[in-house]
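**Q** Fold the following for me, if possible:
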Amino acid sequence: MKKSRIVMSIVAVVAAAGLGTGNAMAADAGPDTAGASPARAMATSSSSLVPAGSIHYSEEYQHDGLRNHLGNFTGGTPCNSGYVITGNVLYSWIGQISSFRTWSWCQANHRSGWDGTGDASGWWGGVNNYIGGWMNDRTLSVQFR
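**A** Reported below is the predicted structural model:
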């Protein structure tokens, strides 16, 4: 009985964090942020269109040169809001991202850990034809500002 409660607690924490679901968690206040934000970014598959009324943060690609579109990050908070918005990749994107393009005047920072943790690509805006050897195929979350 005690073991099942522990397992249920772990499942609840993982679900609340949105790990690997494409749901985003706001970055904790840190050197790259103005503070934590309740804003979320959503990762959507390549077949999904950007929802009406959403802000299009980025397009993610499997290969260099913006080849093989994996999907998009979208949300409801502008990148110039003063907050860093963090989104987790979909499970199907793990070990896949090699290039990206940002939209809506956003800059992206690709991270090797969930929820904006781990190694970082640095902040880039516009077209990035190759994420670089340091972060190639390592992205688990993306931050936007």
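**Q** CA-only coordinates of stretch 77-89 in PDB, if you can.
**A** Coordinates of each C-alpha in stretch 77-89 appear next as PDB, following Å, rounded to 0.1, in the frame of the first residue of the first chain:
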ATOM      1  CA  THR A  77       2.700  35.400 -24.100                       C
ATOM      2  CA  PRO A  78       4.800  37.800 -26.300                       C
ATOM      3  CA  CYS A  79       8.500  37.200 -26.300                       C
ATOM      4  CA  ASN A  80       9.100  40.800 -25.300                       C
ATOM      5  CA  SER A  81       7.000  40.400 -22.100                       C
ATOM      6  CA  GLY A  82      10.000  40.500 -19.800                       C
ATOM      7  CA  TYR A  83       9.800  36.800 -19.000                       C
ATOM      8  CA  VAL A  84      11.600  33.700 -20.300                       C
ATOM      9  CA  ILE A  85       9.000  31.200 -21.600                       C
ATOM     10  CA  THR A  86      10.200  27.600 -21.600                       C
ATOM     11  CA  GLY A  87       8.700  24.700 -23.500                       C
ATOM     12  CA  ASN A  88       9.600  21.000 -23.400                       C
ATOM     13  CA  VAL A  89      10.000  19.100 -26.700                       C
END
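**Q** pLDDT (mean, whole number) over it?
**A** Regarding stretch 77-89, the rounded mean pLDDT is 95.
**Q** gap between Gly133 and Val89?
**A** According to CB to CB, to the nearest Å, Gly133 stands 19 Å off from Val89. Every C-beta, even on glycine, is put in place using the N, C-alpha and C of the backbone.
**Q** Give me the more crowded residue out of those two.
**A** Using other CB atoms under 10 Å as the criterion, Gly133 and Val89 rank with Val89 on top: 25 against 8.
**Q** My understanding was that that one contacts Thr44; is that so?
**A** No: counting by CB atoms under 8 Å, Val89 sits too far from Thr44 to count as a contact (11.0 Å).
**Q** Gly122: neighbour count?
**A** Neighbour tally, Gly122, other CB under 10 Å: 12.
**Q** So which bits of stretch 135-142 are buried?
**A** By neighbour count with 16 or more other CB atoms under 10 Å, stretch 135-142 contains the buried residues Met135, Asn136, Arg138, Thr139, Leu140, Ser141, Val142.
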